[in-house]
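Chemist: Mind folding the following:
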Amino acid sequence: MINQKNITTIKNMNKILIILTILLALFLVVSCAPVTDNSADTTTLENTPSDDTATADNVAEESVVDVPAETSTTEIVDNPEETMNETEINSEGGQVYTVEFVGTKMVPETTVIKVGDTVRWVNQRNAPNLNKAMVIGSSTAGCREARSTILHSGESYEYTFTEPRTCTIVDGYLKTVTSKVIIQE
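Modeler: Reported below is the predicted structural model:
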């Protein structure tokens, strides 16, 4: 004998079966979807530093496998000064190195120079809400003198280092962005 309670139970069982059928169908669709092979994907990094800022410092040794033919490669050398065609010289006879403010970082992050060399910081930021930069040397003696005013997009500031030391340079506009200048004899 079928009573109202049995009819309600049957209706609930039918609802559960419909839901399970839908879930099973979704599972089959997802599990049978074609799998894309991403093993051939490559990422190309753009080499943007200027000739006078190319250094092999801080470059981890990596092996490059299956580089596509249309990708250009850059040779990393122990002494980039040997490969530079045009070297800019400051008024004291030292070299001029360029550090660029790009996005939310300074490129390169570390610049190794000699006493008497100059570092030129160039603001390459041009986003409407990120177009200013400022050079502030760390409080270490001989570093704090490296201090610019606000640099708008395209503007630059130069400082010639006269003593061996390591200076941390802080972007006075984005205070969390830093770079290092290592001055050797």
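
Chemist: So, low pLDDT: which residues of this protein?
Modeler: For the chain, the stretches flagged by pLDDT under 70 are 1, 26-86, 141.

Chemist: which residue packs closest to Arg144, ignoring adjacent ones?
Modeler: Gly137 (4.8 Å; C-beta to C-beta, 6 or more residues apart in numbering). Heads up, the C-betas are built off the backbone N, CA and C, glycines and all.

Chemist: and that neighbour, how many residues sit next to it?
Modeler: Per other C-beta atoms under 10 Å, the neighbour tally for Gly137 reads 19.

Chemist: Show the contacting residues for it.
Modeler: Each residue near Gly137 by C-beta atoms under 8 Å, 6 or more residues apart in numbering is listed here: Cys143, Arg144, Glu145, Ala146, Arg147, Tyr159, Cys167, Thr168, Ile169, Val170.

Chemist: Domain parsing of this protein, as residue ranges.
Modeler: Here the domain assignment for the chain is 1-29, 90-184, based on automatic domain parsing.

Chemist: Can you tell me which of those domains is packed in deepest?
Modeler: domain 90-184 (a mean of 17; mean count of other C-beta atoms under 10 Å).

Chemist: about what we covered before: and which of the contacts of Gly137 is nearest Leu130?
Modeler: Val170 (16.3 Å; C-beta to C-beta).

Chemist: bridging residues for that closest one?
Modeler: Taking DSSP bridges as the rule, Val170 bridges to Ile136, Thr178.

Chemist: what does Val99 give?
Modeler: Counting by DSSP bridges, Val99 forms beta bridges with Trp121.

Chemist: Format the CA atom coordinates belonging to stretch 97-109 as PDB.
Modeler: The C-alpha coordinates for stretch 97-109 follow below in PDB (Å, rounded to 0.1, in the frame of the first residue of the first chain):
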ATOM      1  CA  TYR A  97      76.800  53.300 -15.400                       C
ATOM      2  CA  THR A  98      73.000  53.600 -15.800                       C
ATOM      3  CA  VAL A  99      70.400  52.300 -13.300                       C
ATOM      4  CA  GLU A 100      66.800  52.700 -14.500                       C
ATOM      5  CA  PHE A 101      63.700  53.100 -12.500                       C
ATOM      6  CA  VAL A 102      61.300  50.700 -14.300                       C
ATOM      7  CA  GLY A 103      57.900  49.800 -12.900                       C
ATOM      8  CA  THR A 104      58.400  49.000  -9.200                       C
ATOM      9  CA  LYS A 105      62.100  48.200  -9.300                       C
ATOM     10  CA  MET A 106      65.500  49.500 -10.200                       C
ATOM     11  CA  VAL A 107      67.400  47.700 -13.000                       C
ATOM     12  CA  PRO A 108      70.000  46.400 -12.400                       C
ATOM     13  CA  GLU A 109      69.500  45.700  -8.700                       C
END
